[in-house]
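> generate a structure from the sequence data that follows.
(2 chains)
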Protein chains: 2
Amino acid sequence: MKKLINAPDDLVGESLEGMALAHADLLRVNAAPAFVARAQAKGRGKVALVSGGGSGHEPMHGGFVGRGMLDAACPGAVFTSPTPDQIFEATRAVDGGAGVLHIIKNYTGDVMNFEMAAELAREADIPVEGVVVNDDVAVEDSLYTAGRRGVGTTVLAEKICGGAAEAGRPLDEVAALCRRVNAQGRSMGIALSACTVPHAGKPSFELGPDEMEVGIGIHGEPGRRRARLEPADRVAELLMQPVLDDLPFKPGDDVLLFVNGMGGTPLIELYVVYRKAHAIARERGLNVARSLVGPYITSLEMAGVSVTLLRLDEEMSRWWDAPVHTPALRWGA
Amino acid sequence: MKKLINAPDDLVGESLEGMALAHADLLRVNAAPAFVARAQAKGRGKVALVSGGGSGHEPMHGGFVGRGMLDAACPGAVFTSPTPDQIFEATRAVDGGAGVLHIIKNYTGDVMNFEMAAELAREADIPVEGVVVNDDVAVEDSLYTAGRRGVGTTVLAEKICGGAAEAGRPLDEVAALCRRVNAQGRSMGIALSACTVPHAGKPSFELGPDEMEVGIGIHGEPGRRRARLEPADRVAELLMQPVLDDLPFKPGDDVLLFVNGMGGTPLIELYVVYRKAHAIARERGLNVARSLVGPYITSLEMAGVSVTLLRLDEEMSRWWDAPVHTPALRWGA
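The predicted structure is shown next:
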């Protein structure tokens, strides 16, 4: 295992310390329980957004904390759910009196712990709504999750709902928007290599030199099938086809096309995949109105790519375009 | 070789096409000779900034084309210098009458071809100044370069000089600023793994499971020595020590600390290195006034990290903070 770490037990905490030092203007880190929160939170009377999940998917979620996106993020150990206590404390810390939206990737442990945290919050008179993102079309029930997994659409939901919350929209409206983003977003990914969880010390699975895993999950869960590695254009087709078939995208629809790197795949390759994915969307008559290309929801050093397509409505486009200032996404601010 | 590409010969061109599609608001791509230019260039009477070099270092340089940074970038084949013709055509395309600054990473082929392009431009009555960046403290004369190599400081020079050019500063002033950034910036890197140039099909060198290359170049040139992989904190010391020793940084100096990923190293690890590098800078009495953390000058999928320290003066800080809108760096716009 070759990693730039000190000890596996210290990885998440030390990385959070580094983040806090590098982005002191944007965020602060609470050490115990661990969460990242906006430097200026509270007292603004706006709906607060809280997300979280296992570490190892950076910049998700801590890198999305800041103006116009998340108010707090709760990192678990690598690929391990945060605890209910952690989520509750983060929720309490950022509640500004207008309630809190939990954005949860569908992963059994995350869903359970966010639900318990929401109960604790409600007992403390903090209104909480939870939205589970389940956009991965690859597999219906996977190793760790009942139903579809939550992947790339989560990034888009956090940005779009963050924009609406920043503009003062009430909790029920922001939650409804989040459900709509989830309903209109679809994703699928492939991996060319596994990644190594520091505590495990060896790759979670092995792929042959000519193999790829089609429909991989962000924790390295098995996908639809193992296949022979194909050229990038064919990979783009393999990913776009199930995504397009799953949602009745109609000619003329505005879409956001998000090509995401899993961590170890260089940007030069992501743009090659984007090129073909864009062409496929155009062939279907879709209007690629917004784009995002880069490693935003990763699996440590895994090589691979995922594609997310979101059917946009006017409101989503407006909040997507709204100013955002976080370590990983920033514009208009 | 596991890569998301179609054919090695098509990689650079297809990736540029993807970039142009994803960032149509910002940039356009000229196919032959290949260069990336701002969507709205010319006719603004501002100094134009042109950089370039081998592909494989993305987002450098194409990802830095846009308002407040580069006017054009000339990508060569992977790890191969762009041609004089390519650089000349890009220079001519973006010259707005106030002259053009060439920002060149010290690499023998790049320096030669940029010089030839500058000659062609001067013959066409376009004033050109060239500044060679040579900030890598690791080795004095390497496999491909006389003197020190140009690495991380290039990113900072492009941003800072881009800010000054956008504000209408004349060519001699922007060139002098660029020389000052180079004079006050120092970098060093290590690699945990090699990368594979698509045309070669196999890694450029082999590192044992416990080895790292200390002082690596961005093309995988040999460094100072091969050593046993050490914990992240020790790696940060190995990198910061030569950087700090090389330039008389004084207690109280404002510095920009840039921790750069080489491509295959996940963000969670970069923040661990940043944490220690920040502590070392503080121990020396330096004031870390600005930060940048992420993969900005990469070597395809190489795992590794480099550290760049820039001693800031008031003017540099001002232009660093100025609005920028490019695919890879964006703020205030």
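
> and A:Y107, how close does it get to chain B?
From A:Y107 over to chain B the distance is 18 Å, taken as C-beta to the nearest C-beta, to the nearest Å. To be clear about C-beta, it is placed using only N, CA and C from the backbone, and glycine gets the same treatment.

> typed the wrong thing, it's A:A227
Relative to chain B, and taking C-beta to the nearest C-beta, A:A227 is found at 13 Å.

> quick one: that residue is in a strand?
Yes. Read with DSSP: H, G, I helix; E, B strand; the rest coil, A:A227 is one of the residues of a strand.

> got a pLDDT number for it?
On pLDDT, A:A227 comes in at 95.

> and it, what is it in contact with?
A:211-212, A:214 (C-beta atoms under 8 Å, 6 or more residues apart in numbering or on different chains).

> from the residues you listed, which land in strands?
Among the contacts of A:A227, the members found in strands (DSSP state E) are A:211-212, A:214.

> sorry, back to before: the contacts of A:A227 also near chain B: which ones?
A:M212 (C-beta under 8 Å from any C-beta of the partner chain).

> over to A:E237: give its phi and psi.
phi -60, psi -40 (degrees, to the nearest 10).

> tell me how far it lies from chain B.
A:E237 is 12 Å from chain B, by C-beta to the nearest C-beta.

> swap in A:C74?
A:C74 is 15 Å from chain B, where distance means C-beta to the nearest C-beta.

> near chain B, which residues of the stretch 201-333 of chain A?
For the stretch 201-333 of chain A, the residues in contact with chain B (C-beta under 8 Å from any C-beta) are A:209-210, A:212, A:229, A:231-233, A:235, A:259, A:263-275, A:278, A:288, A:291, A:293, A:295, A:298, A:300-301, A:303, A:305, A:325, A:327, A:330-333.

> now, of those residues, which are buried?
With burial judged by 16 or more other C-beta atoms under 10 Å in any protein chain shown, the buried subset of those is A:212, A:229, A:231-233, A:235, A:259, A:263-275, A:278, A:288, A:291, A:293, A:295, A:298, A:300-301, A:303, A:305, A:325, A:327, A:330-331, A:333.

> need the contact list for A:F258.
Per C-beta under 8 Å, 6+ apart, neighbours of A:F258: A:152, A:155-156, A:291-293, A:296, A:307-310.

> which SSE is the closest residue in space to A:G130 that isn't next to it in sequence in?
In space, and not counting its chain neighbours, A:G130 is closest to A:H102: 4.2 Å by C-beta to C-beta, 6 or more residues apart in numbering or on different chains. Taking DSSP states H and E as the criterion, A:H102 maps to strand A:100-105.

> and what of A:V288?
strand A:287-294.

> pull up the pairing partners for that strand, direction included.
Strand A:287-294 has its sheet partners listed here by DSSP bridges as strand A:254-261 (parallel).

> number of residues surrounding the nearest residue to A:N260 once chain neighbours are set aside?
Once flanking residues are discounted, A:N260 sits nearest to A:S306: 4.7 Å by C-beta to C-beta, 6+ apart. Neighbourhood size, A:S306 [other C-beta atoms under 10 Å in any protein chain shown]: 28.

> same thing with A:I160?
Neighbours of A:I160 using other C-beta under 10 Å come to 29.

> now do the one 3 residues further on
The criterion is other C-beta under 10 Å. On that basis, A:G163 has 24 neighbouring residues.

> helix, strand, or coil at it?
Once three-state DSSP is applied, A:G163 turns out helix.

> with the one 5 residues further on instead?
Classification of A:G168 using three-state DSSP returns coil.

> pull the number of nearby residues for the nearest residue to it once chain neighbours are set aside.
With sequence-adjacent residues excluded and distances taken as C-beta to C-beta, 6+ apart, A:G168 is closest to A:K46, at 6.0 Å. Per other C-beta under 10 Å, the neighbour tally for A:K46 reads 23.

> helix or strand for A:K46, just tell me which one.
Per DSSP H and E, there is no helix or strand for A:K46.

> mind listing what it touches?
A:96, A:98, A:165-166, A:168.

> in ChimeraX, select just the buried ones from the residues you listed.
Those of the contacts of A:K46 that count as buried under 16+ other C-beta under 10 Å are selected in ChimeraX with:
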select /A:96,98,165,166
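
> among the contacts of A:K46, which one lies nearest to A:Q241?
Closest approach between the contacts of A:K46 and A:Q241, by C-beta to C-beta: A:A165, at 34.7 Å.

> the closest one contacts A:V174, correct?
Yes. In this structure A:A165 lies within contact range of A:V174 using C-beta atoms under 8 Å: 5.2 Å.

> what do these two both touch?
A:47, A:49, A:101.

> and the second one, what is it in contact with?
When contacts are counted by C-beta under 8 Å, 6+ apart, A:L49 touches A:69-72, A:100-101, A:103, A:158, A:161-162, A:165, A:174.

> and A:T265, by the same measure?
Counting by C-beta under 8 Å, 6+ apart, A:T265 has contacts A:192, A:295, A:303-305, B:4, B:301.

> would you mind measuring from it to B:F205?
Distance, A:T265 to B:F205, using C-beta to C-beta, to the nearest Å: 21 Å.

> pLDDT below threshold where in chain A?
A:41-44 (pLDDT under 70).

> how is it carved up into domains?
Following automatic domain parsing, chain A resolves into domains at A:11-184+A:322-331, A:185-318.

> for B:A138, find the nearest of those domains.
domain A:185-318 (22.3 Å).

> now that closest one: how far from the chain's centre is it?
13 Å (C-alpha atoms, centre = their mean, to the nearest Å).

> just confirm A:L292 contacts A:L256, I think it does.
Yes. Assessed by C-beta under 8 Å, A:L292 is found in contact with A:L256 at 7.0 Å.

> name the residues contacting each of these two.
A:L156.

> who has more neighbours out of the two?
Each of A:L292 and A:L256 has its neighbours counted (other C-beta under 10 Å); A:L256 has more, 24 against 20.

> circling back: the strand holding A:H102: partners in the sheet, and parallel or antiparallel?
Using DSSP bridges, strand A:100-105 pairs in its sheet with strand A:48-55 (parallel), strand A:128-133 (parallel).

> can I get the CA coordinates of it in CSV?
Provided in CSV are the C-alpha atoms of strand A:100-105 (Å, rounded to 0.1, in the frame of the first residue of the first chain):
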residue,chain,number,x,y,z
VAL,A,100,-32.2,21.4,8.4
LEU,A,101,-32.1,19.3,5.3
HIS,A,102,-30.2,16.1,5.4
ILE,A,103,-28.9,15.0,2.0
ILE,A,104,-28.1,11.3,2.2
LYS,A,105,-26.5,8.9,-0.3
